[in-house]
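Chemist: Here you go, sequence then predicted model.
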Amino acid sequence: MRVHYYDPDQRAFEKAEFRRRDEDALISGRISREELQRVNGGYGMFRGSKLVRHPKGAKAADAAL
């Protein structure tokens, strides 16, 4: 099994590189703004999904029931 450790500096570098690539693609016309939004938005995978948030202490209150 392979273990990966989160490195915030490496992640920041990767994100900056992806942004640079996206910007280059937009400037060159290889991709439209709408297409880039669709791709970066997960191809609409989460459209129609609901975000469920639990207030702090909700687990403790549930456990008491």
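Modeler: The structure has been received and is ready for your questions. Since we're looking at a predicted model, the values are computed, not measured.

Chemist: Quick check: which element contains Met26?
Modeler: Careful, residue 26 is Leu; it's not Met. Element membership of Leu26 [criterion: DSSP states H and E] is helix 8-28.

Chemist: could you say what helices and strands that helix packs with?
Modeler: For helix 8-28, the packing partners by 3 or more Cβ pairs under 8 Å, 6 or more residues apart in numbering; DSSP states H and E come out as helix 33-40. For every residue, glycine as well, the C-beta is placed using N, CA and C.

Chemist: how far is the helix it packs on from where the chain is centred?
Modeler: Helix 33-40 has its C-alpha centroid displaced from the chain centroid by 13 Å (Cα atoms, centre = their mean, to the nearest Å).

Chemist: go on, stretch 9-19?
Modeler: Distance, stretch centre to chain centre, for stretch 9-19: 13 Å (Cα atoms, centre = their mean).

Chemist: Now that stretch: buried residues?
Modeler: Across stretch 9-19, burial judged by 16 or more other Cβ atoms under 10 Å covers no residue at all.

Chemist: Mean confidence (pLDDT) on it, please.
Modeler: Along stretch 9-19, the predicted local confidence has a mean pLDDT of 95.

Chemist: May I have that stretch exported as CSV, CA atoms only?
Modeler: These are the backbone C-alpha positions of stretch 9-19, laid out as CSV (Å, rounded to 0.1, in the frame of the first residue of the first chain):
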residue,chain,number,x,y,z
ASP,A,9,3.6,23.9,-0.4
GLN,A,10,3.5,21.2,-3.0
ARG,A,11,-0.3,21.6,-3.3
ALA,A,12,0.0,25.4,-3.7
PHE,A,13,2.6,24.8,-6.5
GLU,A,14,0.3,22.3,-8.3
LYS,A,15,-2.7,24.6,-8.1
ALA,A,16,-0.6,27.5,-9.5
GLU,A,17,0.5,25.3,-12.4
PHE,A,18,-3.1,24.3,-13.2
ARG,A,19,-4.1,27.9,-13.1
